[in-house]
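> predicted model and sequence follow; I will ask about them next.
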Amino acid sequence: MKTVAMILAGGAGTRLDVLTEHRAKPAVPFGGQYRVIDFTLSNCANSGITNVAVLAQHFHRTISQHIGVGRPWDFDKDFNSVDILTPHHTSGGKWVSGTAQAVFQNFDFLTEQNAENVLVLCGDHVYGMDYRPMLQAHETRDADLTIAAIPVENENAKSYGILSIDENQKIRDFEEKPECPKSNLASMGVYVFRVSFLRQILQKVCLQRQEIDFGLDVIPGVIESYRAFAYPYDGYWRDVGTLEEYWHANMELLQPSPPLDLHDRNNLFAVHTTSHQLQPTIISNTGTVVRSIVSGGCQIRGTVENSVLSPNVVVEDGAIVRNSIIFDRTIVGRGSTLDRTILDKDVVVGASCRIGCGSNSPSNRERPLILHTGINVVGKSTHIPAGTTIERNCRVLSGVLESDFLSKTVKSGTTVFPSPGKI
């Protein structure tokens with residue numbers, strides 16, 4: 001039975017704050033040289049899914065520029081394809097809203113592919129999964145819908161779609177982000193639908209209103225009357241939708257035995273990405289790297305500990321980078337120190353700065369729900385003046401220049417904004 005994949009890559013990713021101010025959430029760098037969407041694309045390619053549609057919307061050019069014709073995943077070969085389906089307005093003149101509505105508006109892809117099953121996937125999760133056993137289970141059970149599910153910590157269950165299943169793994173109940181979860185079995189956002197069933201259901205619900213989501217509006221209504229099953233999964237899977245989750249997932253890569261080993265030579269499910277010709281990394285006689293990922297083209301003349309560096313990062317003499325994530329072409333100036341900080345690309349940190357010091361409180365005044373554990377985030381193309389201290393739970397928005405800093409000390413919980421009129 002022919003199976004194709006549709007990857008949902010249109011969400012705004014607001015909980016990643018300034019990291020998605022200029023890019024789509026699935027295009028956010030991860031693990032040094034990858035983008036978040038690389039994991040889902042690689043899972044498809046490694047599972048033999050050769051026809052894929054990526055449903056993009058917010059900053060869709062950052063998705064299409066990264067994927068191109070899909071060469072790293074072999075989607076450019078005969079009979080293989082990856083289609084970037086860019087956004088369009090609904091008949092009411094509004095942007096498509098909701099995961100199910102996005103699939104419905106692009107249903108002609110499924111019709112043209114003459115597919116019998118469709119994998120509907122999220123493009124903003126980090127995991128390595130062979131979809132073939134799940135597809136086999138779906139077909140063996142003659143299922144209309146199969147949902148991959150994974151146990152989560154009880155205290156975190158209300159952040160997910162939660163399933164209750166019987167002894168045959170048939171889904172008996174589904175609640176999206178319930179206040180009082182009935183179980184800790186969470187949906188991974190990995191669905192297999194019978195295409196004929198999906199067409200029938202979406203035509204019924206998506207014509208009623210514009211904002212339709214699978215978890216909220218579709219799945220709860222089909223559990224009782226249709227053949228809906230869970231596919232339990234026991235591998236690595238992370239939702240990196242918040243700054244804390246994103247930071248933690250990157251730090252997991254640095255453990256002595258990481259739960260997701262990107263360097264496992266026996267791993268048949270390698271992660272592929274778009275690669276560029278880079279100069280070799282240089283670690284000078286004053287440079288030290290401990291338990292870190294350092295991508296190509298970096299120049300390390302200071303100390304890097306327990307951190308993840310994207311390509312072409314420069315850490316100057318005497319600088320210390322700890323527990324941090326740094327994107328492309330960023331410079332950490334001489335004698336500066338960083339701790340638990342995420343720097344977007346093209347940032348310049350002046351000499352003798354201290355970023356990530358002091359107390360973990362208070363939370364960020366503008367974004368208290370996403371910056372409250374001591375992490376700092378600095379936006380793209382920011383210039384931080386020499387001698388600046390930035391404490392914790394701070395935001396520095398994209399494009400901030402040295403003249404925008406009104407004090408040498410940015411207190412915990414503060415946001416630094418660009419001057420009015422700047423982009």
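Good, I have the coordinates. Remember, predicted model here, so these are calculated numbers, not experimental data.
> what's the offset of stretch 372-389 from the middle of its chain?
Centre-to-centre, stretch 372-389 and its host chain are 22 Å apart (CA atoms, centre = their mean, to the nearest Å).
> please save the CA atoms from that stretch in CSV.
The C-alpha coordinates for stretch 372-389 follow below in CSV (Å, rounded to 0.1, in the frame of the first residue of the first chain):
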residue,chain,number,x,y,z
HIS,A,372,12.1,31.4,34.5
THR,A,373,14.9,28.7,35.0
GLY,A,374,17.9,30.9,34.5
ILE,A,375,18.4,30.7,30.7
ASN,A,376,19.2,33.8,28.7
VAL,A,377,18.4,34.2,25.0
VAL,A,378,20.0,36.7,22.6
GLY,A,379,18.5,37.4,19.2
LYS,A,380,20.1,37.5,15.8
SER,A,381,22.7,40.2,14.8
THR,A,382,22.9,41.7,18.3
HIS,A,383,26.0,43.6,19.4
ILE,A,384,26.7,43.5,23.2
PRO,A,385,29.1,46.2,24.3
ALA,A,386,32.3,45.3,26.1
GLY,A,387,32.1,45.1,29.9
THR,A,388,28.3,44.3,30.0
THR,A,389,26.8,42.1,32.6
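> return the set of buried residues in that stretch.
Residues of stretch 372-389 classed as buried by neighbour count (16 or more other CB atoms under 10 Å): 372, 374-385, 388-389. (C-beta placed from N, C-alpha, C; glycine too.)
> can you flag which of these belong to strands?
Counting by DSSP state E, the part of those found in strands is Asn376, Val377, Val378, His383, Ile384, Thr389.
> list the contacts for the last one?
With contacts taken as CB atoms under 8 Å, 6 or more residues apart in numbering, Thr389 has the following neighbours: Cys353, Arg354, Ile355, Cys357, Lys408, Thr409, Val410.
> chain neighbours aside, what residue packs nearest to Thr14?
Nearest residue to Thr14, sequence neighbours excluded (CB to CB, 6 or more residues apart in numbering): Thr20, at 6.9 Å.
> what's the local residue count around that neighbour?
The local packing of Thr20 (other CB atoms under 10 Å) involves 21 other residues.
> now do the contacts for it.
Counting by CB under 8 Å, 6+ apart, the residues that Thr20 touches are Ala12, Gly13, Thr14, Val28, His58, Phe59.
> nearest to Arg365, of those?
Distance to Arg365, by CB to CB, is smallest for Thr14 among those, at 16.8 Å.
> about what we covered before: out of the contacts of Thr20, which is most surrounded?
Counting by other CB under 10 Å, Gly13 has the largest number of neighbours within these, with 24 neighbours.
> for the helix or strand hosting Phe174, list every residue counted as buried.
Element membership for Phe174 (DSSP states H and E) is strand 171-176. By neighbour count on 16+ other CB under 10 Å, the buried set for strand 171-176 is Ile171, Phe174, Glu175.
> stretch 140-158 too?
Across stretch 140-158, burial judged by 16+ other CB under 10 Å covers Arg141, Ala143, Asp144, Leu145, Thr146, Ile147, Ala148, Ala149, Ile150, Val152, Ala157.
> from the chain's centroid, how far away is that stretch?
Offset of stretch 140-158 from its chain centre (CA atoms, centre = their mean): 20 Å.
> dump it to PDB, restricted to CA.
Presented in PDB, the C-alpha positions along stretch 140-158 are these (Å, rounded to 0.1, in the frame of the first residue of the first chain):
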ATOM      1  CA  THR A 140      -2.500  -5.500  10.000                       C
ATOM      2  CA  ARG A 141      -5.200  -4.000  12.200                       C
ATOM      3  CA  ASP A 142      -7.100  -2.500   9.300                       C
ATOM      4  CA  ALA A 143      -7.000   0.700  11.200                       C
ATOM      5  CA  ASP A 144      -8.400   4.000  10.200                       C
ATOM      6  CA  LEU A 145      -6.000   5.900  12.400                       C
ATOM      7  CA  THR A 146      -2.900   4.900  14.400                       C
ATOM      8  CA  ILE A 147      -1.200   7.300  16.800                       C
ATOM      9  CA  ALA A 148       2.400   6.800  18.000                       C
ATOM     10  CA  ALA A 149       2.400   7.200  21.800                       C
ATOM     11  CA  ILE A 150       5.100   7.400  24.500                       C
ATOM     12  CA  PRO A 151       5.000   7.500  28.300                       C
ATOM     13  CA  VAL A 152       5.800  10.900  29.800                       C
ATOM     14  CA  GLU A 153       6.400  12.000  33.400                       C
ATOM     15  CA  ASN A 154       3.000  12.300  35.200                       C
ATOM     16  CA  GLU A 155       3.600  15.900  36.100                       C
ATOM     17  CA  ASN A 156       4.100  16.700  32.500                       C
ATOM     18  CA  ALA A 157       1.200  14.800  31.100                       C
ATOM     19  CA  LYS A 158      -1.200  17.800  30.900                       C
END
